[in-house]
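In: For reference, the sequence and a predicted model appear below.
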Amino acid sequence: MIYLNVILTVKDTADIPFVRATMTELGHLAKQDPGCVRFEVYQSQADTRVFFLNEMWETAASLDGHRQTQAFTETYMKTVVPKLERAPHPCDLLA
């Protein structure tokens, strides 16, 4: 399994509604990608600028396939990521 957690911090608070709506839709689309076991999108209650992605993929190839989709390349990378500070954290599952 591939475990990936990503912390997204919106740079401008005016962009929060756009990021929230777009990431909600992208989350629904990612769940349909082959090899996606889990794709959850969270928004922090403590700081509404902060979003968390919690992803689990069957294989590295399935994650790579997700990264080739139009939703990832066109919507996420071109319209969402420029509005963010992004910190991906590939992880090992401990418990």
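Out: Great, that's in hand.
In: Doesn't residue 86 belong to a strand?
Out: Yes: using DSSP: H, G, I helix; E, B strand; the rest coil, the assignment for residue 86 is a strand.
In: beta partners for it?
Out: residue 8 (DSSP bridges).
In: Could you pull up the contacting residues of residue 76?
Out: 22, 26 (Cβ atoms under 8 Å, 6 or more residues apart in numbering). In this view, the C-beta of every residue, glycine as well, is placed from N, C-alpha and C.
In: so is it in a helix, a strand, or just coil?
Out: Of the three states, residue 76 takes helix according to three-state DSSP.
In: Any figure for the gap between it and residue 87?
Out: The gap separating residue 76 from residue 87 is 15 Å, by Cβ to Cβ, to the nearest Å.
In: With residue 35 instead?
Out: Taking Cβ to Cβ, one finds residue 35 at 23 Å from residue 87.
In: what about the two, which has more around it?
Out: residue 35 (17 against 10; other Cβ atoms under 10 Å).
In: ok, the closest residue to the more buried one other than its chain neighbours - contacts?
Out: In this structure, residue 35 finds its nearest non-sequential neighbour in residue 62, 2.3 Å apart by Cβ to Cβ, 6 or more residues apart in numbering. Counting by Cβ under 8 Å, 6+ apart, residue 62 touches 2, 33, 34, 35, 36.
In: Just the buried ones from those?
Out: Neighbour counting over those (16 or more other Cβ atoms under 10 Å) leaves 2, 33, 35, 36 as the buried ones.
In: Please dump these into a markdown table; it should also carry distance to residue 71 and pLDDT for every row.
Out: Shown next, in a markdown table, are the buried ones among the contacts of residue 62 (distance: Cβ to Cβ, whole Å; pLDDT from 0 to 100):
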| residue | distance to residue 71 | pLDDT |
| --- | --- | --- |
| 2 | 18 | 97 |
| 33 | 9 | 98 |
| 35 | 15 | 98 |
| 36 | 12 | 98 |
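In: Might one say that residue 3 is in contact with residue 94?
Out: No: look at residue 3 against residue 94 with Cβ atoms under 8 Å: they stay out of range, at 10.1 Å.
In: More neighbours: these two, which one.
Out: Just comparing residue 3 and residue 94: by other Cβ under 10 Å the higher neighbour count belongs to residue 3, 15 against 4.
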